[in-house]
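Engineer: Below are the sequence and a predicted model; questions follow.
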Amino acid sequence: MKESVTGEVFGLKINKDKGKQGENIEESNLIADRGVEGDRHSKGGVRQVSILSRGTKEWMEDETLKGFCLLKFKENIVVDGIDFDKLKVGMELVFKDAILKVSELGQTCFSDCPRSAKDLPCKFKSGHCFATVVKGGKIKVGDNLKVLSESDKK
């Protein structure tokens, strides 16, 4: 097996109600083929878990002109140490007790976003992904994770 890329869980959130700020939590329970236990988006499908890079999250918070991504995107996991530009659909994010599979990368900007209207750069386009839960389990802030491609698993 090739040496895999490692990162760390920097933050966790649960998003219970539409239109409200998510709640920061220290531990999250991931349910196979569903998503984050108690999250309003845990209904299966390809967007079971939303993952954001720490760098993108900090960039979004520091920008003077806020994009709609800050209002509309609700992350479940913030990770540090992972290069999202190198992620590919199908790669696995392996935690101590759980495994996620990258199902979607990035997102197009919202058409009515004030940043997009002014042609300003946006790290949000590539600084996040969605994943499905392959193996359920608990993850905690501070946990390490590994990124595995198909060839890494051989």
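Structural biologist: It's in.
Engineer: Return the set of buried residues in the longest helix anywhere in the chain.
Structural biologist: The residue-count maximum for a helix in the chain (DSSP state H) belongs to helix 54-62. Going by neighbour count (16 or more other CB atoms under 10 Å), the buried part of helix 54-62 is Arg54, Gly55, Thr56, Lys57, Met60. All C-beta spots, glycine's among them, are computed from the backbone N, C-alpha and C.
Engineer: Which of those residues lies at the shortest distance from Val89?
Structural biologist: Within those, proximity to Val89 (CB to CB) peaks at Thr56, which comes in at 18.4 Å.
Engineer: who are the neighbours in contact with that closest one?
Structural biologist: By CB atoms under 8 Å, 6 or more residues apart in numbering, the residues touching Thr56 are Phe84, Lys123, Phe124, Gly127, His128.
Engineer: Does the first one touch Phe130 like I think?
Structural biologist: No - taking contact to mean CB atoms under 8 Å, the distance of 11.9 Å between Phe84 and Phe130 leaves them out of contact.
Engineer: quick one, which of those two is more surrounded?
Structural biologist: Under the criterion of other CB atoms under 10 Å, the comparison of Phe84 against Phe130 puts Phe130 first, with 22 against 19.
Engineer: Name the residues that touch stretch 13-23?
Structural biologist: Outside stretch 13-23, the residues that touch it by CB under 8 Å, 6+ apart are 24-25, 28, 36, 38-41, 74-78.
Engineer: roughly how far out does it sit from the chain middle?
Structural biologist: 15 Å (CA atoms, centre = their mean, to the nearest Å).
Engineer: Please shift the residue numbers so they start at 4 in all later answers.
Structural biologist: Will do, 4 is the new start, and the previous item becomes stretch 16-26.
Engineer: what's the span of that stretch from first residue to last?
Structural biologist: End-to-end span of stretch 16-26 (CA to CA, to the nearest Å): 5 Å.
Engineer: try stretch 18-25
Structural biologist: Stretch 18-25 stretches 4 Å from its first residue to its last (CA to CA).
Engineer: just stretch 44-63 next, same as before
Structural biologist: Using CA to CA, one end of stretch 44-63 lies 22 Å from the other.
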